[in-house]
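Quick one: sequence plus predicted model below, questions after.
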Amino acid sequence: MTANSHCSVAESPGLETQRREIECLLRESELQAGDSWYVVDRRWFEQWKEFVESGDQNSSSFPGQIDNTELFEDLDSYHLKERLVENEDFMLVPAEAWHKLLLWYGMTDGQPALERKVVDLPSTLKVEVYPVEIFLCLHSNMENVISAQFSRTDSIYAIQTAMCQAFSVPPGSECHLWMKSSDSSCERLRNVHVSVLDACLSSGMTVIMETRNADGTWPSSRPQNTRNSVEEQDTYRGQPGVCGLTNLGNTCFMNSALQCLSNTPPLTEYFLQSSYLEELNFTNPLGMKGEIAEAYADVVKQMWSGRHYSVVPRVFKTKVGHFASQFLGYQQHDSQELLSFLLDGLHEDLNRVKNKEYIELRDAEGRPDQEVAEEAWRNHRRRNDSVIVDTFHGLFKSTLVCPECHKVSVTFDPFCYLSVPLPVSKDRVMEVFFVSLDPHAKPVQHRVVVPKAGRVSDLCAALSEMTSVPPTQMVIADVFNHRFYKIYNPEESLSCILDRDDIFVYELSEQDEDSVLLALYLRERSHYRDYGSSSNSYGASLFGHPLLLNVPRGSCSQEALYSLFLQRLARYVRPPDPAEELEEEEEDEEEELYKTQTNGISDDEQDASETAGPTEPEPCCSNTSPNGPSDGAAAAEPLPEVNHAPTALDHGDTEISNGSPNPTEIPICGSGVAGNPEGTSACGDLGADADAEAEGSSKPPAEAPQQPCDTTEGENEEEKLEEARSPSPPANEHPAKRRACRKRRRSLFTIQAVNSNGTTERGMGEGGSAVSFGSQPYVAIDWDPDMKKRFYNENEAERYVKHASMEVPQQQTTVELQECIELFTNVETLEEENPWYCPVCKKHQLATKKLDLWSLPEVLIIHLKRFSYTKFTREKLDTIVDFPLRDLDFSSFLLRKDVSTEEPPSRYDLIAVSNHYGGLRDGHYTSYAQNKDNGQWYYFDDSKVTYASEDQIVTNAAYVLFYQRQDRIRKPTLAAPSTSSASPAHSASDITEMGAAPSCGTMTTD
């Protein structure tokens, strides 16, 4: 689809038909290799869904043209932003659905359609949103680099063919391809028939081609010696294991898990001694043909060679993506999920059991726990026998009780890690901005405590206690990018509001049946009109903070709203002084303009020039051609609104000579211009906001002679209606009209009805109203840049004050690790989604379940369940878990008591911690780990490694804990390094993925 066809919009079917057709296509379309799907901005798509579900063609949720602007890095190259997330940033729609949407709504001019192919990846079909972009060059001329995009299913031979064509390599030349990664290490691409994915090629890498010399030699077996080359390995000597891992793009979760496992002594020694080579299982159908084990072994050996500052785990990352499609690409993931997959993958790749026998599990049936436990462990080892089982597997007892027949079922099940819950508070602390009804009061930031499972009305009630404002006079809204992302109903759940949302609470005047809730946006007009767009409106961008206010339906005329808005914005909008009132052009200039108009310029062009002319005196018609809009410069700044007298403007009841309604507003002083593309009158009235019918009218302007400003309203109306039927006024009345308008006062802004995004302009209401009441009305006040600069105080508009509740320090919740383990062993009732089948009742029951620890492994992994998902809330718990670094005693939790006289095998020391900083959607992973050789703690942050002290380790970011049993800990073989110096053990480029949620604007506190 070419860009030229984007603007052709056909007559669209009814909204219900649109919804049904698109939903049917989305539901029935399946991914098939080679098919085309299209990327659509999620916000636009959600706006479209809201529009068609409303069933109202005039709904304020009208989405406008398909606009993917938010998905591009820039509008020159139209490259997609990195790390976009499906269903959060964009939607994928099949080709047929895309063409229907394009036919009905068109697309923003110049934007390309984001067509993407379905590729057949290992174990999954996937829409390839981000093709692999590779740099290509010849070994003989490595300065000449070009870039090209390839699908992950393309073969290396396709790259070779493309390079031969791009660099004019003679046909039949024998070629070698080399792959150079970002750290400049090179690897030969020997098999040209493998795919890009299998060759571990990823975006940003370089492929170098060399051709055989005439003497039969190759120019180089390695095109370039690099930083991690043999020369570096000969010079650098560091502490083995103290090595960073390069972030490949949102792979900090993987780096954190790898550092923890790398500092698990029994597993690392197993790989360093190459014991894994004898135990690789290539035939296990549940395994990965030994590839995961080999890839992990390569990473460990490089990290513990002592010859690298940091290692690039690209091959390992690619192998993980091969066998676990959820880890394909470069989206953020959970370190514990990666750890779970990796331990399971290593176990299956190294399983010493080649042929697993079928074993039927038996219930306890009243037998002693010791007997049942030993039987369960033997059965587990008959099918699962590896270094992972030896090191990480334990056994717990599961007891289920039927609530109806009280049948007790006891089983013993193996575990690889413990996922322990954190105590969850029933309350929630929220920070909101309260916007008072007093226009001179600054917004006040409050911190309130509300029930987690509460409703929006609970937030209003809590805030009411602080402000003494009745909850019924409050409206809560989420403000994002200077617009209302959502206006909440009192009965909506507070779980819809995230901690990172910018929540504003607006005080409203007492509402009656005749009032309407009006949403107010602030926009700044650009100086020049975009003639490339399909609309005739000037470009406008949102700024500042929007407002909500109650307005009587009878007070929605332009003049009444102007006065109301000016009063509401009084704190940061300065009214003009009388001395600053601008007057129209001088009489001699007007006469010159009139002379120009009578010299071959039609009345139509004359009106357009007057309407859109700048405030400064300039001959805006002298260079005008009657064949086109050559007065673009003059039309850049439409005259601001004049006279704020309480004369109502009529936008829909005026009739012209053919008797049809004309949506042209009637100016306060002067004539209406029916065909004016700007929708403004010659006097600069509020007509800048005329709707689409007026903009699209091809009828010539109809002018009326100027009346004195003291004419009564009734006389004005009669005169205007009479003159509206006249084709044009006498030429000699033009100077009089200008002189009468010379003393009119300019307005600071104009008012325009818009949709909820503040982008698409909507038509005016009936009976002179500036808004339509068919749905939630949204209104924008448009500022001329010069007027905004003079009268709008941006610094004052962003100021706010902090309530005393913000000064009270929040008490950080702290719990002991033992409390979390106790919660893990508490009795709980199964959820409805996971019932237990009772063999006595012969049906599924919501039984009670209790877990108890029976035996613990050498290395115990404890996963703190910080991410809480319930029916009411989704949150990350920032509770500080106070876990001991030494002597973690499990003796009180173990059912099996060890009667040995030696040190009981239930005391553990900490060896590593995986940390997570951030929230639910974004964040960053790091790790603390103790080196097994020197006993020193280090902090690993991707490629950066620094010394760490023991008092730094316990934080609210701790996510996964690694403990080793004391009876298996070996003493360090080296002395701990001196940490008196503040310099890091190594410092390389630090890559983080900490995300900051976009805010609606920067506010300054007083």
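Perfect, I can see it now. What you are looking at is a predicted structure, and each value in this text was computed from that prediction instead of being measured.

Go ahead and list the helix or strand containing the nearest residue to Thr251 once chain neighbours are set aside.
With sequence-adjacent residues excluded and distances taken as CB to CB, 6 or more residues apart in numbering, Thr251 is closest to Lys317, at 6.1 Å. Bear in mind the C-beta positions are built from the backbone N, C-alpha and C, glycine included. With elements taken from DSSP states H and E, the one containing Lys317 is helix 314-323.

How far off centre is that helix?
26 Å (CA atoms, centre = their mean, to the nearest Å).

one step back: how close does the residue nearest to Thr251 sit to Phe327?
8 Å (CB to CB, to the nearest Å).

What about the nearest residue to Phe749 once chain neighbours are set aside, how many residues nearby?
Counting by CB to CB, 6+ apart, Ile781 is the residue found nearest to Phe749 once chain neighbours are left out, at 4.4 Å. The tally of other residues near Ile781 (other CB atoms under 10 Å) stands at 22.

Check which residues of stretch 915-935 are buried.
Residues of stretch 915-935 classed as buried by neighbour count (16 or more other CB atoms under 10 Å): 915-919, 922-934.

Looking at those, which are in strands?
Asn915, His916, Tyr917, Gly918, Gly923, His924, Tyr925, Thr926, Ser927, Tyr928, Ala929, Gln930 (DSSP state E).

so what's Thr153 up against?
Listed by CB atoms under 8 Å, 6 or more residues apart in numbering, the contact set of Thr153 reads Ala33, Val119, Asp120, Leu121, Ser195, Val196, Leu197.

In three-state terms, how would it be classified?
Following DSSP: H, G, I helix; E, B strand; the rest coil, the label given to Thr153 is coil.

how much space is there between it and Val196?
For Thr153, the distance to Val196 - CB to CB - is 7 Å.

Please apply the same query to Leu418.
Counting by CB to CB - Leu418 and Val196 are separated by 40 Å.

swap in Val387?
33 Å.

Ok, Val119 next?
In terms of CB to CB, Val119 sits 10 Å off from Val196.

Return every residue with contacts to both of the two.
With CB under 8 Å, 6+ apart, Val119 and Val196 have common neighbours Ser151, Arg152, Thr153.

and of those residues, the nearest to Ser457?
Arg152 (50.6 Å; CB to CB).

Spit out the contact partners of the closest one.
Counted by CB under 8 Å, 6+ apart, Arg152 has contacts Val119, Leu121, Glu128, Pro131, Val132, Ser195, Val196, Leu197.

Kindly report the same for Thr283.
Lys354.

Quick check: it is in a helix.
No: looking at Thr283 with three-state DSSP, it is coil, so not inside a helix.

Return the distance of it relative to Val960.
32 Å.

so where's the stretch 901-1006 of the chain shaky on pLDDT?
901-905, 978-1006 (pLDDT under 70).

Of the contacts of Arg152, just the buried ones, ChimeraX syntax please.
Restricted to buried positions by 16+ other CB under 10 Å, the ChimeraX selection for the contacts of Arg152 reads:
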select :119,121,128,131,132,195,196,197
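
Could I get the contacts of Arg152 in CSV, plus columns for pLDDT, distance to Phe543 and secondary structure?
Below are the contacts of Arg152 laid out as CSV (pLDDT from 0 to 100; distance: CB to CB, whole Å; DSSP: H, G, I helix; E, B strand; the rest coil):
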residue, pLDDT, distance to Phe543, secondary structure
Val119, 85, 43, strand
Leu121, 77, 44, strand
Glu128, 86, 38, coil
Pro131, 86, 37, coil
Val132, 87, 40, strand
Ser195, 84, 49, strand
Val196, 87, 45, coil
Leu197, 83, 45, coil
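
Include distance to Gln810 when you put the contacts of Arg152 into a markdown table, please.
Shown next, in a markdown table, are the contacts of Arg152 (distance: CB to CB, whole Å):
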| residue | distance to Gln810 |
| --- | --- |
| Val119 | 48 |
| Leu121 | 46 |
| Glu128 | 45 |
| Pro131 | 46 |
| Val132 | 46 |
| Ser195 | 52 |
| Val196 | 50 |
| Leu197 | 47 |
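
with the contacts of Arg152 in mind, which one is nearest to Val408?
Leu121 (46.9 Å).

which ones are touching the closest one?
Here Leu121 is in contact with Arg152, Thr153, Leu197, Ser325, Leu328 (CB under 8 Å, 6+ apart).

if I look at it, how far off is Glu115?
Taken as CB to CB, the span from Leu121 to Glu115 is 19 Å.

same thing with Ile781?
40 Å.

one step back: now the contacts of Leu121 in CSV, with distance to Thr411?
Below are the contacts of Leu121 laid out as CSV (distance: CB to CB, whole Å):
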residue, distance to Thr411
Arg152, 43
Thr153, 45
Leu197, 41
Ser325, 32
Leu328, 36
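
ranges for the helices of the stretch 251-400 of the chain?
Counting by DSSP state H, counting those that start in this stretch, the stretch 251-400 of the chain has helices at residues 252-262, 265-272, 291-303, 314-323, 335-349, 369-383, 387-392.

Quick check: neighbours shared by Lys317 and Phe327?
Between them, Lys317 and Phe327 share the contacting residues Met254, judged by CB under 8 Å, 6+ apart.

Can you tell me how far the residue nearest to Ser181 when sequence neighbours are not counted is from Leu197?
Leaving aside its chain neighbours, Ser181 sits nearest to Met205 (5.4 Å; criterion: CB to CB, 6+ apart). Remark: distance between Met205 and Leu197 (CB to CB) = 13 Å.

and what of Val432?
Relative to Leu197, and taking CB to CB, Val432 is found at 48 Å.
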